[in-house]
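A.B. asks: got a predicted structure here, sequence first:
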Amino acid sequence: MTFATKACYGLLLAVSAMSTPAFAEEEEGASGPFTLSGGADLVSDYRYRGISLSNEKVAVQPSLTLTHESGFYVSGWGSTLPDSPLYGKFELDLIAGFSTEVAPGTTVDLNTTYYTYPGHRNGAGPANYVEFIGSLSHDIGPVSATGLVAYAPSQKSLGSDDSVYLNLGLGYAIANSPVTLNAGVGYTDGSLGVAAPDGNYLDWSIGASFAAGPATLSVAYIDTDIKKTGVKADDTLYDPTVVFTLGVAF
């Protein structure tokens, strides 16, 4: 996903969508107060903050967002998962937030995301958790920069610990072309970093996307420093990888 929510990896890799007006019966040429947008991605590997959550398998990731003209929005995002007692076969993220332009080219987005796993089996332990996310983005010509902070308070599903995630992303839209270059670096500190021995690790990515109408083809190289912190070298969930994404939006 672009940015916003586990939606991509780290919210900087979120899906951008072409929007269509909904729930309004207005005169021709006028739009109602609500906008409905959505889409679906096919990814070669579901990477969340550098870690594979799909066991390096292909995943399907639909999304749907309803936005009010005031800037408030509600959204749903999902991804298929390998079947397991703790997570089931699907992740569903429910999001409520507010986004507004505070200055020309500068946008603030604040949201609460609830990560749920409908196929969770009883007895497998708690899985659902909530996270609060804020981002600030600024555009200067073809260059876009986004800083993101995510905080998950102490919850049973996180081992009664909290977690902080920081991310800085850059995008560059090549003039007179449908190509955008992207790069980002993130840092996890806390229970959502349980893959690393001390719960702290860095992740980074670099890639490009090609837009053609409602479709977008993206490729990104993703890596972390987890193995350097002591994780077994044969654990492929943290291996550097190239992720391909084919997305369609409306």
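C.D. replies: Happy to help now that I have it.
A.B. asks: what about stretch 77-90, how long is it end to end?
C.D. replies: 11 Å (Cα to Cα, to the nearest Å).
A.B. asks: got the buried residues for it?
C.D. replies: Across stretch 77-90, burial judged by 16 or more other Cβ atoms under 10 Å covers Trp77, Gly78, Ser79, Thr80, Leu81, Tyr87, Gly88, Phe90. Yep, even glycine has a C-beta here, placed from its N, CA and C like the rest.
A.B. asks: cool, stretch 109-125 as well?
C.D. replies: So, applying 16+ other Cβ under 10 Å, buried residues of stretch 109-125: Asp109, Asn111, Thr113, Tyr115, Thr116, Tyr117, Gly119, His120.
A.B. asks: beta-bridge partners for the fourth one, please?
C.D. replies: Legend: beta-bridge partners of Tyr115 under DSSP bridges are Asp93, Tyr129.
A.B. asks: that one contacts Pro126, doesn't it?
C.D. replies: No. If you go by Cβ atoms under 8 Å, Tyr115 and Pro126 don't touch, sitting 11.4 Å apart.
A.B. asks: now do the same end-to-end measure for stretch 78-89.
C.D. replies: 11 Å.
A.B. asks: now that stretch: average pLDDT?
C.D. replies: Mean pLDDT, stretch 78-89: 93.
A.B. asks: one more: stretch 103-121?
C.D. replies: 95.
A.B. asks: now stretch 220-227
C.D. replies: 92.
A.B. asks: then it to PDB, C-alphas only?
C.D. replies: Below are the C-alpha coordinates for stretch 220-227, written out as PDB (Å, rounded to 0.1, in the frame of the first residue of the first chain):
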ATOM      1  CA  ALA A 220       9.800  -3.300  -4.400                       C
ATOM      2  CA  TYR A 221      13.000  -4.700  -2.800                       C
ATOM      3  CA  ILE A 222      12.400  -5.300   1.000                       C
ATOM      4  CA  ASP A 223      14.800  -6.100   3.700                       C
ATOM      5  CA  THR A 224      15.400  -5.900   7.500                       C
ATOM      6  CA  ASP A 225      18.400  -6.100   9.900                       C
ATOM      7  CA  ILE A 226      16.700  -8.900  11.900                       C
ATOM      8  CA  LYS A 227      19.300 -11.600  11.100                       C
END
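A.B. asks: buried sites along it?
C.D. replies: Neighbour-count burial for stretch 220-227 [16+ other Cβ under 10 Å]: Ala220, Ile222, Asp223, Thr224, Asp225, Ile226, Lys227.
A.B. asks: just checking, the fifth one touches Thr188?
C.D. replies: It stands for Asp225. No. In this structure, Asp225 is not within contact of Thr188 by Cβ under 8 Å, at 10.7 Å.
A.B. asks: quick check: the farthest pair among the buried residues of stretch 77-90?
C.D. replies: Trp77 and Gly88 (16.0 Å; Cβ to Cβ).
A.B. asks: which residue packs closest to Thr146, ignoring adjacent ones?
C.D. replies: Distances taken as Cβ to Cβ, 6 or more residues apart in numbering place Ser137 nearest to Thr146, at 4.1 Å, with adjacent residues excluded.
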